[in-house]
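1. coordinates only, no sequence provided:
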């Protein structure tokens with residue numbers, strides 16, 4: 001038997017972080033601004049100028065992807081009840097900043113050939129959707145004393161991105177249904193989702209929620225439970241080592257190195273150095289391709305998001321819908337970026353300019369963009 005080779009396939013929303021790079025155009029005689037925010041670094045087209053990480057574009061991409069893969073809520077404050085189980089299919093529609101001048105979605109995700117321009121690391125998407133779709137399988141189990149434990153798996157459509165997570169909720173007044181039953185339910189919840197199996201990005205999203213709800217029985221056959229609350233969402237994004245020049249191979253250019261010793265005839269001191277003795281060789285005028293490997297600055301963001309929704313329950317069946325949106329622009333957990341005065345270490349070396357003003361080099365999240373999600377789910381409780 002013989003096996004045919006498989007053709008590599010990437011979905012439109014799969015990551016292509018090697019395109020979030022730039023090079024110093026001044027090195028090849030380009031006018032100001034010196035830094036060119038596009039692919040092509042480390043290749044002959046750019047005179048083999050060294051690749052640098054575009055940390056601002058990475059931070060914005062990680063932030064918005066974190067919002068799309070955030071843990072699902074879709075539940076009022078009251079738990080499902082002791083020893084009961086909830087299983088649901090949930091879906092999220094989340095907007096993204098597709099029109100940003102950073103072009104982080106155009107450059108940082110694969111797209112398809114029919115809606116892309118350029119070749120290699122210079123390729124970027126010409127069309128990016130305004131929203132992302134994510135589906136989730138969510139299971140929760142009721143525990144004693146008003147606790148509820150859940151697990152969820154999330155898939156981002158048109159990609160190979162999958163996140164797994166757990167959540168826990170505590171409703172301290174659970175069980176008050178008579179006498180003081182007019183008191184609304186309140187609860188706090190914590191959840192964490194983490195991206196699994198991706199070779200370019202480590203992404204973890206943590207949420208802490210406080211919510212209030214009150215069940216309203218209609219005609220004795222079904223109930224409507226409106227709820228509202230506030231969520232703090234923490235986004236932690238870290239890249240792996242990204243090859244800025246996938247069309248070049250440092251191991252192919254120098255597959256074996258030998259140690260060469262030399263002795264200074266005047267001092268008698270012996271020194272050693274590594275010399276390439278096998279491989280295709282580094283192109284003329286180029287540095288070792290290993291210099292084109294980049295690691296992006298870690299993304300550490302805090303977001304405040306109010307939310308509201310309702311649940312309709314009929315027998316064992318439930319339908320839940322909610323809306324959640326950023327109240328303010330995300331802030332860096334390591335301190336704010338931009339503005340006057342000193343700039344935290346988290347912010348520097350984002351997008352260097354031909355300027356000594358450090359605040360212009362800050363990693364910044366677009367302050368004019370607010371991300372929102374429309375979520376809904378159908379499930380059964382037994």
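-> That came in fine, so what should we check first? Just so you know, these numbers come straight off a predicted model, no measurement behind them. Numbering: from 1, shown residues only.
2. secondary structure class for residue 227?
-> Assigned state for residue 227: strand (three-state reduction, DSSP: H, G, I helix; E, B strand; the rest coil).
3. part of a strand, is residue 57?
-> No. Inclusion of residue 57 in a strand is not indicated when three-state DSSP is applied; the result is helix.
4. run a quick neighbour tally on it.
-> Residue 57 sits with 27 neighbouring residues when counted by other CB atoms under 10 Å. Every residue, glycine included, has its C-beta placed from N, CA and C.
5. how about the nearest residue to it, chain neighbours excluded?
-> Sequence neighbours aside, residue 104 is the residue nearest to residue 57 in space, at 4.1 Å (criterion: CB to CB, 6 or more residues apart in numbering).
6. tally of neighbours for the residue lying closest to residue 226 once chain neighbours are set aside?
-> Spatial nearest neighbour of residue 226, chain neighbours left out: residue 310 (4.6 Å); criterion: CB to CB, 6+ apart. Burial of residue 310, expressed as a neighbour count using other CB under 10 Å, amounts to 16.
7. distance of residue 310 from residue 275?
-> Look at residue 310 and residue 275: by CB to CB, to the nearest Å, they are 71 Å apart.
8. re earlier: give the contact list for the residue nearest to residue 226.
-> 224-227, 320-322 (CB atoms under 8 Å, 6 or more residues apart in numbering).
9. list the contacts of the residue nearest to residue 57.
-> Applying CB under 8 Å, 6+ apart, we find residue 104 in contact with 20, 57-58, 60-61, 97.
10. the helices in the stretch 151-300 of the chain, which residues?
-> Taking DSSP state H, counting those that start in this stretch as the criterion, the stretch 151-300 of the chain carries its helices at 250-253.
11. any stretches of it with poor pLDDT?
-> In the predicted model of the stretch 151-300 of the chain, residues 174-181 satisfy pLDDT under 70.
12. which parts of it are strands?
-> 162-170, 185-196, 201-213, 216-218, 222-239, 242-243, 256-263, 270-278, 293-294, 299-314 (DSSP state E, counting those that start in this stretch).
13. and of those strands, who's closest to residue 109?
-> Distances from residue 109 to each of the strands of the stretch 151-300 of the chain were compared using CB to CB; the shortest belongs to strand 201-213, at 11.3 Å.
14. next, the angle strand 222-239 makes with that closest one.
-> 150 degrees (axes from the mean of the first three to the mean of the last three CA atoms, to 10 degrees).
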